[in-house]
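# Got a predicted structure plus its sequence, pasted below:
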Amino acid sequence: MSADFLGVGWTSPVSLSSNGQVEMAHYEKAVHQSIWMILSTAPGERLMRPDFGCGIHDLVFASNSAATIGQLSNAVNQALIQWEPRIDLLSVEVFPDPDLPGRLLIQINYQVRTTNNRFNLVYPFYLE
């Protein structure tokens, strides 16, 4: 398999290049942006695909507890396994942000299947 399988798509957020063309995200950057989009979308938010997204948004006003951390980790695992077939999910770790009370950091370690390259992404999640 080649990296072409990883795809090319519009950047998120959509932006224009210096020549006025829509900026494109290529290959592993497209995968990274896809993961971010999955986590940023609440189920029911997209009219034509109401089941798309991640259920972490239901926990926005939850307490900062071990139960909330477990629920966040589980929701991220389920969403990425369902919606991002180009990766192998290696781990999802959720921990309190030492710099900002009321924010949890979701660290996602993944491997792109076609290239075997490993990446991580840290997604901030605000409880308040």
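Structure's in. What do you need? Numbers count the residues shown, from 1 in each chain.
# In the protein, what residue spans correspond to strands?
For the chain, the strands defined by DSSP state E cover 8-10, 24-26, 87-96, 103-112, 118-126.
# Show me the shaky parts of this protein.
1-17, 22-27 (pLDDT under 70).
# Give the residue farthest from the middle of it.
Checked against the mean C-alpha position of the chain, the extreme residue using C-alpha atoms, centre = their mean is Asn19, at a distance of 29.5 Å.
# Tell me, how many residues neighbour Pro124?
The number of residues packed near Pro124 is 10, by other C-beta atoms under 10 Å. In short, each C-beta sits where N, CA and C put it, glycine included.
# nearest spatial neighbour of it, skipping sequence neighbours?
The spatial neighbour of Pro124 that comes closest, neighbours along the chain excluded (C-beta to C-beta, 6 or more residues apart in numbering), is Arg103 at 5.7 Å.
# now Glu93
Gln107 (4.6 Å).
# try Gly53
That would be Thr41: by C-beta to C-beta, 6+ apart, it lies 3.6 Å from Gly53.
# Surely the one you found and Ile56 touch.
No. Using C-beta atoms under 8 Å as the test, Thr41 is too far from Ile56 to be in contact (10.1 Å).
# And those two? Which one has more around it.
Legend: neighbour count by other C-beta under 10 Å for Thr41 and Ile56, higher for Ile56 (24 against 17).
# could you check the distance from that one over to Ala67?
14 Å (C-beta to C-beta, to the nearest Å).
# what does Ser91 give?
Distance from Ser91 to Ala67, by C-beta to C-beta: 20 Å.
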